[in-house]
Every structure is written in structure tokens, then in C-alpha cells.
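S.K.: no sequence on hand, only this structure:
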């Protein structure tokens, strides 16, 4: 499979946090994905871009916080995260670039 440009639209960037690092010990990787993407789309994109077998995809939508900027209320964007569990023997090193 070749990496189509649409795959880059689905997967925005890897998320590197303390929780994501703990998930990597359970053979999972966390990505920020497009808000309208589906689990099958995410699975297909990860398999095509990184050449690995995906076992499961769990998603969560974090609602954007309300923040003040110069006294004016504004809202941050909603963010969709995908917790991608990989099959045994597969790994993605997110510390290096694509």
C-alpha cells in the first residue's frame, strides 16, 4: 500500500505526553486525528503510513477549553485523539519524524 495524501489529512501528529508514554508500554501509540475521521479510516491510514498491523483503535474527543484573550472570551478547538493498539511484534517510534 502506498501512502495517499488523504492519510496525512486523517492523522495530524503524534501526541507525546506522560499518559501516551504509558500507553506505549502496552504497545499503543496516540495520535491527534481529524475530528471527522472514523476508526476504519484511522486504522487504514496508520497501516499505510507506518507499515504495521493495527489490532484496535480507540478514540476520544476532548472539548476545547474556554480561554480569555485580552479580556475577550474565546474557545480552543475540539481535539480528537486516537489510541492505536498495534499487533504483537509491531512498533512505531514517534520520537523520530515521519
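M.R.: Sure, I can see it. The shown structure was predicted, so the numbers you read here are calculated from the model rather than taken from an experiment.

S.K.: just the element for the residue positioned nearest the centre of the chain, please.
M.R.: Geometric centre of the chain, nearest residue: residue 31, 1.6 Å, by CA atoms, centre = their mean. Secondary structure assignment for residue 31, by DSSP states H and E: strand 28-33.

S.K.: which residues does that strand contact?
M.R.: 10-15, 17, 19-20, 23, 42, 46, 59, 79-86, 92, 94 (CB atoms under 8 Å, 6 or more residues apart in numbering). For the C-beta atoms, the positions are set from N, CA and C on the backbone; glycine is no exception.

S.K.: angle of the next helix or strand after that strand against strand 28-33?
M.R.: Remark: after strand 28-33, the chain's next helix or strand is helix 39-50, criterion DSSP H and E. Relative orientation of helix 39-50 versus strand 28-33 (axes from the mean of the first three to the mean of the last three CA atoms, to 10 degrees): 110 degrees.

S.K.: which of the residues in helix 39-50 are buried?
M.R.: Buried residues in helix 39-50, counting neighbours by 16 or more other CB atoms under 10 Å, are found at 41, 42, 43, 44, 45, 46, 47, 48, 49, 50.

S.K.: now do the fifth one, the pLDDT please.
M.R.: This means residue 45. Residue 45 carries a pLDDT value of 91.
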